[in-house]
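Asker: Return atomic coordinates for the entry below.
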Amino acid sequence: MHGNFIGHLFYCYEKKEMVQLEFNKNGNSHNRERHVNIYDLSYHNARYTQEQGDKLYGIVYNGTNEFYYGLRRSFDAAGGAGLRDSGIELLEKDVWQFIKAREVHLNFVDDAMGMYGLDMQVSKSRPVPRNILRNYILLNLITYMKHSIWKSNEQIKKMTDKILYLHEVLDYKKLKQKLDKFFDTSLDFENLHRTFISVNGTVDAQKIESDILSAVKQRKEMDIPQLDVVSEANILYKLERENFDIPFLLSNSFYTNTAEIIEYIDHFPSYLKRPNRLFEKLHKFYAPGDK
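Answerer: Here you go, the predicted model:
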């Protein structure tokens, strides 16, 4: 999660000068020609950090909101250098091409038949139904504590000597202060960081999601723009955590206005209310009123 970007900054600090870095449209920088060490958790294997002198450095996150950030980035930009555009858009159009470009196996292919009765070999000729993708991502969010991203993050916290937190990586002043201290030198990389943030679609997506959820909570009507399937899943996850006994099961279409969500909550049949079975099973991680 942003290991290439941080690795590049480490390289610059070692040289004591800024070196240009190109970003892909999805915000990753995997297309660099020069080798740069990676200093982040690798959610799909056990290569969490690499040595820098006699210290281990790592990027970690805290809480489920930042877990979602990592999960979303893994769909949109993680994997091989072949994934240059939005991975989420590709996932929505063609799961198999998404896997090929990402160069990382997707467990969904193994789970599709047992969970959804979907034969992925047959589905090679057409997009996976949007509601199935959405519900699979929702499953990943609800069972976050079982996800490899979460487990890797917990492990890296224990094994690294020096840590960069995600909120520091996203904040130029905090990141500069931390790196200046690490390397006992000062570099001005504000322009590069500004570009890094501007091409980071996850930051923008989380702002839109937050606006929608705030409007629902405040019972304000607002139009909901066209969202990608990952944003849709996260909104439903937050709604189910807020309304513990109301399931939010949708077809391929999503809500178009917050008034529809408010009406759904207000008038959901009392005789159908019950907590999500996954929340019940994982009750020690969830409690009514816990956000």
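Asker: which ones are touching residue 16?
Answerer: Neighbouring residues of residue 16 by Cβ atoms under 8 Å, 6 or more residues apart in numbering: 185, 187. Using the backbone N, CA and C atoms, a C-beta is placed for each residue, glycine as well.
Asker: Recalculate using a threshold of 10 Å.
Answerer: Shown in contact with residue 16 (Cβ atoms under 10 Å, 6 or more residues apart in numbering): 183, 185-187.
Asker: Any of those residues buried? List them.
Answerer: 183, 187 (16 or more other Cβ atoms under 10 Å).
Asker: So which of the contacts of residue 16 are in strands?
Answerer: The members of these all map outside strands under DSSP state E.
Asker: Return the member of the contacts of residue 16 nearest to residue 88.
Answerer: Nearest to residue 88 among the contacts of residue 16 is residue 187, at 32.6 Å by Cβ to Cβ.
Asker: isn't the closest one right up against residue 15?
Answerer: Yes - because the distance of 9.4 Å satisfies Cβ atoms under 10 Å, residue 187 is recorded as touching residue 15.
Asker: just the helices in the stretch 1-150 of the chain please.
Answerer: For the stretch 1-150 of the chain, the helices defined by DSSP state H, counting those that start in this stretch cover 3-15, 63-76, 87-93, 95-102, 107-116, 130-142, 148-159.
Asker: what's the closest of those helices to residue 270?
Answerer: Among the helices of the stretch 1-150 of the chain, helix 130-142 comes nearest to residue 270, with 23.4 Å by Cβ to Cβ.
Asker: right, and residue 196 touches residue 22 too?
Answerer: No - Residue 196 is beyond contact range of residue 22, at 11.4 Å (criterion: Cβ under 10 Å).
Asker: show me what contacts the most centrally placed residue in the chain?
Answerer: Centroid-nearest residue in the chain, with Cα atoms, centre = their mean: residue 72, separated by 2.2 Å. Shown in contact with residue 72 (Cβ under 10 Å, 6+ apart): 78, 87-88, 137, 141, 201-202, 205-206, 209, 228, 230-231, 233-234.
Asker: repeat that with 8 Å
Answerer: So residue 72 contacts 88, 202, 205, 230, 234 (Cβ under 8 Å, 6+ apart).
Asker: So what's the predicted local confidence for the fourth one?
Answerer: The one in question is residue 230. As predicted, residue 230 sits at a pLDDT of 97.
Asker: Count the residues that sit near it.
Answerer: 27 (other Cβ atoms under 10 Å).
Asker: Now residue 211: phi and psi?
Answerer: The phi and psi values for residue 211, taken as degrees, to the nearest 10, are phi -60, psi -40.
Asker: ok, and the closest non-adjacent residue to it?
Answerer: Nearest residue to residue 211 in three dimensions, chain neighbours excluded: residue 222, at 7.4 Å (Cβ to Cβ, 6 or more residues apart in numbering).
Asker: how near is the one you found to residue 248?
Answerer: Residue 222 is 18 Å from residue 248, where distance means Cβ to Cβ, to the nearest Å.
Asker: Compare the two (neighbour count), which wins?
Answerer: Neighbours around residue 222 and residue 248, counted as other Cβ under 10 Å, are more numerous at residue 248. The numbers are 18 against 14.
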